[in-house]
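> Following is a predicted model, sequence given first.
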Amino acid sequence: MPEKSFPEALNEQIANEFAASQQYVGAAVHYDTETLPRLAGFFYRQAVEERDHAMMMVQYLLDVDEEVRIPDIESKQSRFDDSVSPVTMALEQEKRVGEEIYALCELARGTKDYRAEQFMQWFVKEQVEEVALMQDLLNVVERSRDNLLLVEDYLARENPGDENDPTAPPAAGGTL
Ligand SMILES: [Fe+2]
Ligand SMILES: [Fe+2]
């Protein structure tokens with residue numbers, strides 16, 4: 001018997017997604033302070049995406065008639081030693097979330113919760129994309145660490161991570 005139910009574990013993941021959202025606001029604030037508006041904008045948008053992930057999980061719990069708990073969030077880092085470390089932090093965060101998503105998949109499968117297993121599939125794909133996105137950004141930021149305006153140009157040109165995904169699960173309150 002697993003010690004946690006899937007809804008309980010998903011409520012914990014809601015906290016992790018909101019925490020990721022807040023942490024990305026922290027990174028965005030760092031870049032805004034440095035007058036790097038494209039990097040700031042990139043992280044403000046990622047923050048909204050993470051909030052959407054949390055709200056998709058809220059909607060799922062509402063749909064299956066389980067309790068939803070809205071968690072407290074610890075304060076997040078908005079000052080960094082240099083302008084590469086927010087992206088290093090973001091890549092680590094996305095990898096960690098990937099592990100959390102796999103654990104939820106395992107729990108769903110282990111408890112034969114087919115609805116939950118199906119719900120989690122989208123997040124598996126999403127984490128592949130998010131890790132790749134942050135890895136790409138880290139490559140560009142490291143290559144341009146002496147001239148971050150090159151990163152600003154790259155973001156303006158490529159708009160990475162800006163696609164709309166029609167296969168995404170519905171979010172409570174709608175996607176903003
Ligand atoms: Fe997420
Ligand atoms: Fe993410």
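Good, I have the coordinates. Ligands and ions are numbered 1, 2, ... in the order given.

> Please count neighbours and contacts with C-alpha atoms only from this point.
Fine.

> list the buried ones in the helix ranked longest in the chain?
Assignment by DSSP state H gives helix 114-143 as the longest helix of the chain. By neighbour count on 16 or more other Cα atoms under 10 Å, the buried set for helix 114-143 is 116-117, 119-120, 123-124, 126-127, 130-132, 134-135, 137-138, 140-142.

> Going by contacts, tell me the helices and strands next to that helix.
Contact partners of helix 114-143 among helices and strands, from 3 or more Cα pairs under 8 Å, 6 or more residues apart in numbering; DSSP states H and E: helix 85-110.

> can you tell me which residues contact the spatially most central residue of the chain?
Centroid-nearest residue in the chain: Glu50, 4.1 Å away (criterion: Cα atoms, centre = their mean). Under the criterion of Cα atoms under 8 Å, 6 or more residues apart in numbering, the neighbours of Glu50 are 17-18, 20-21.

> which residues sit in contact with Tyr60?
Contacts were defined as Cα under 8 Å, 6+ apart; by that measure Tyr60 touches Phe119.

> Quick check on it: phi, psi?
When quoted as degrees, to the nearest 10, the phi and psi of Tyr60 stand at phi -60, psi -50.

> How much space separates it from Lys95?
Using Cα to Cα, to the nearest Å, one obtains 23 Å as the distance from Tyr60 to Lys95.
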